[in-house]
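In: Mind looking at a prediction? Sequence and model below.
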Amino acid sequence: MAEQHEIVDVLAGEITPGVAGWSVVTLRPDGHRWQHTFPSGVFEWRAAEYGLTDPAEILDVILHEPYQETDAPTLPPSVKARPVKAPVAAKAQDRHGPTLQQATSTTSARDAHRSRIASVKTDRVRVTDPDGLLPHIYRNHGMDPDRVRAKREAVDVHRWIRLYGALPVPVTIDLEVPRA
């Protein structure tokens, strides 16, 4: 059963010089507080990486990502980390599906990431918002469609290069289809 972490405070502002962001403070069952700080630009990156469009879902993903199982867990002390298996070959996939960089499509990456987050919420930690503090964040997410599109293109190019080596045509600023 997942441990409940209740949101007790939400802070907005400059998280590092020149970088706006959010801090979400949760209260763990052991009485300690946990602060998750992230730049506001992470909304655009999750939208670009996984094709997500709902700011509330994006925020839910952001808040649960730190609790995913990894080869080097960075969980709060109250969360019992499961034993980590030895790293496997790069081609191997976990039980949820391909990672963002292993996926051959945004859809398969999104489905696998949603599965990972659902597993976190079922088995490890569920971040709850009993006082309704999160709507302020997802109403003021600051995502810009043009920036999301540019990030999506960068993610797609990077994934293509990782999967297939090189792009089929050289990338230039004025890329256009050759005329027949």
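Out: Okay, I see it.

In: Can you show me the helices along the chain?
Out: Along the chain, counting by DSSP state H, helices occupy 42-50, 55-64, 106-123, 135-139, 145-164.

In: what about the chain, any weak spots by pLDDT?
Out: Applying pLDDT under 70 to the chain picks out residues 70-93, 169-180.

In: Let's see that with 90 instead.
Out: Scanning the chain with the threshold set as pLDDT under 90 gives 1, 69-95, 97, 99-102, 138, 141-142, 160-180.

In: Which residue, other than its chain neighbours, is closest to residue 46?
Out: Closest residue to residue 46 apart from its sequence neighbours, by CB to CB, 6 or more residues apart in numbering: residue 58 at 4.8 Å. From N, CA and C alone the C-beta is placed, and that goes for glycine too.

In: can you pull the contacts of the one you found?
Out: 43, 46-47, 52, 138, 141 (CB atoms under 8 Å, 6 or more residues apart in numbering).

In: Same question for residue 121.
Out: For residue 121, the contact set (CB under 8 Å, 6+ apart) comprises 2, 64.

In: repeat for residue 40
Out: Contacts of residue 40 by CB under 8 Å, 6+ apart are 20-22, 141-142.

In: returning to that earlier point: of the helices of the chain, which is nearest residue 11?
Out: Closest to residue 11 of the helices of the chain, according to CB to CB: helix 135-139, at 10.2 Å.

In: chain center to the closest one, what's the gap?
Out: Between the centre of helix 135-139 and the centre of its chain there are 17 Å (CA atoms, centre = their mean, to the nearest Å).
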